[in-house]
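In: sequence unknown, structure follows:
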């Protein structure tokens, strides 16, 4: 975007064991050097020779960038995530995620290795960044990330689907689950706490998953049949 600079960062090398399917956490990762606004972000993997491995060989199942200085109100600390989908975040002009040079970032990642040999990889990420001192930073509006897991705020929010369950070969969570939340409030719902503008959404599914849906429920409005039960 106009006025932005593209910053390239890497975390690694990270050892890869045969058949690996494990979660890791990096408590100190590279960040922009000064205050400013993040207006875009993307991530990938690279091998020692600089090539990007195919997702059916070695892939980043998920990577979550967390700002430990921002708290975690429904993901306020989790400001970017990507996985096999290789999600790219691009905010509309005039909006940015506010960054302070004093922020402390963490990276939660899960790496899958489909091969029987060891290797090592680097997690790379590019950030489109507008420094606070840049004229392009004037009148920027802050974007607030909202993290909407199906079982928020579980550390590893997953659910199992038993073969033959659901309806017509498709299982929709939580509609097809039996008492998914027990006697507690639904974990995949959030009441919007202020007026705002929805800038964009992104989702992540595990193998077998087809899609994510995000529904906005208003007084007097009805959800489509078979979806988003009240």
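Out: Perfect, thanks for sending it. For clarity, every value in this text was computed on a predicted model and none was experimentally measured.
In: Okay, buried residues for stretch 10-19 please.
Out: For stretch 10-19, a neighbour-count test (16 or more other Cβ atoms under 10 Å) marks 11, 14, 16 as buried. C-beta here means a position set from N, CA and C on the backbone, and glycine is covered the same way.
In: With stretch 50-64 instead?
Out: 53, 55, 58, 59, 60, 61, 62, 63, 64.
In: And the pLDDT for the last one?
Out: Residue 64 carries a pLDDT value of 93.
In: partner residues bridging it?
Out: Per DSSP bridges, the residues bridged to residue 64 are residue 81, residue 108.
In: For it, give me its contacts.
Out: Counting by Cβ atoms under 8 Å, 6 or more residues apart in numbering, residue 64 makes contact with 78, 80, 81, 107, 108, 109.
In: can you pull out the strands in this protein?
Out: Applying DSSP state E to the chain gives strands spanning 5-16, 21-26, 36-46, 58-67, 78-83, 89-90, 95-99, 105-113, 119-131, 141-142.
In: lowest average confidence, helix or strand, in this structure?
Out: Ranking every helix and strand in the chain by mean pLDDT, DSSP states H and E puts strand 21-26 at the bottom, with a mean of 90.
In: Can you give me every residue that contacts the residue positioned nearest the centre of the chain?
Out: Centroid-nearest residue in the chain: residue 81, 2.2 Å away (criterion: Cα atoms, centre = their mean). Residue 81 makes contacts with 62, 63, 64, 65, 87, 202, 204, as judged by Cβ under 8 Å, 6+ apart.
In: The first one against residue 206, yeah?
Out: Which is residue 62. No: contact criterion Cβ atoms under 8 Å: residue 62 and residue 206 do not qualify, at 9.4 Å.
In: before we move on, the earlier item: pLDDT wise, what is the residue nearest to the centre of the chain at?
Out: With respect to pLDDT, residue 81 scores 93.
In: same check, this time on residue 11
Out: 96.
In: how much space between the closest residue to it other than its chain neighbours and residue 153?
Out: Distances taken as Cβ to Cβ, 6 or more residues apart in numbering put residue 123 closest to residue 11, at 4.5 Å, once the chain neighbours are dropped. Here the distance between residue 123 and residue 153 works out to 24 Å (Cβ to Cβ, to the nearest Å).
In: Please apply the same query to residue 82.
Out: Taking Cβ to Cβ as the measure, residue 82 falls 20 Å from residue 153.
In: Neighbour count: these two, which is higher?
Out: More crowded of residue 82 and residue 153, by other Cβ atoms under 10 Å: residue 82, with 21 against 13.
In: Tell me how many other residues crowd the nearest residue to the more buried one once chain neighbours are set aside.
Out: Using Cβ to Cβ, 6+ apart and skipping the chain neighbours, the partner closest in space to residue 82 is residue 43 (4.9 Å). Using other Cβ under 10 Å, residue 43 has 24 other residues around it.
In: Model confidence for residue 43, exactly?
Out: For residue 43, the model assigns a pLDDT of 97.
In: in the chain, which ranges drop under the pLDDT threshold?
Out: 71-76, 223-230 (pLDDT under 70).
In: repeat that with 80
Out: Scanning the chain for pLDDT under 80 picks out 71-76, 153-156, 221-230.
In: Identify the residues contacting the closest residue to residue 68 other than its chain neighbours.
Out: Counting by Cβ to Cβ, 6+ apart, residue 68 lies nearest to residue 104, which is 4.7 Å off, once chain neighbours are set aside. With contact taken as Cβ under 8 Å, 6+ apart, residue 104 is in contact with 28, 67, 68, 69.
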